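Asker: below: sequence and its predicted model.
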Amino acid sequence: LAVHIQTSRALMVISLLLGFFGIIVSVVGMKCTKVGEGDPVTKSRIAVAGGVLFILSGLCTLAAVSLYATRVTYEFFRESSVPINARYEFGSALFIGWGATGLTVLGGSLLCCSCPPKERRGQRSYRQSQPSTAREYV
């Protein structure tokens, strides 16, 4: 295969791996899970790391799709013996790739916004204990 196709393929595989690890790290960093430490600051830092992985995954996808689109555009406008109706054109996969890039970067940015505020960083959080007896109201 051509070099640009192999490069796009490698970038997409890297993007898939980064996205997979981003999902795992983000699930660990969610406040609703009990995986990992119970400290909310640590949990939010883990969520930010997942967001960074999603942003990197989106950028790899953007690079792969844009590299292929650039090559298709170059081949389309190049003077060649191939008739115009037999040349490659943009397909729906390129537009789906660009849409996926936008959504992945947006999701990673939202996860990065879950960073704890500066005034809470040094404080410890304590959970309220549940009452040991249930009261019955009549």
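Answerer: On my side now, so go ahead. Worth saying up front: this structure is predicted, and the values here are computed from it rather than measured.

Asker: what comes up buried for the element among helices and strands of the chain having the smallest mean pLDDT?
Answerer: Within the chain, no helix or strand scores below helix 40-77, which has a mean of 90 by mean pLDDT, DSSP states H and E. Using 16 or more other Cβ atoms under 10 Å as the test for burial, helix 40-77 gives 41, 43-66, 68-69, 71-72. Every C-beta, even on glycine, is put in place using the N, C-alpha and C of the backbone.

Asker: which elements pack onto that helix?
Answerer: Counting by 3 or more Cβ pairs under 8 Å, 6 or more residues apart in numbering; DSSP states H and E, the packing neighbours recorded for helix 40-77 are helix 3-29, helix 92-112.

Asker: can you redo the ones you listed as JSON lines with mean pLDDT?
Answerer: Compiled in JSON lines, the helices and strands packed on helix 40-77 are given as follows (pLDDT from 0 to 100):
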{"stretch": "helix 3-29", "mean pLDDT": "94"}
{"stretch": "helix 92-112", "mean pLDDT": "94"}
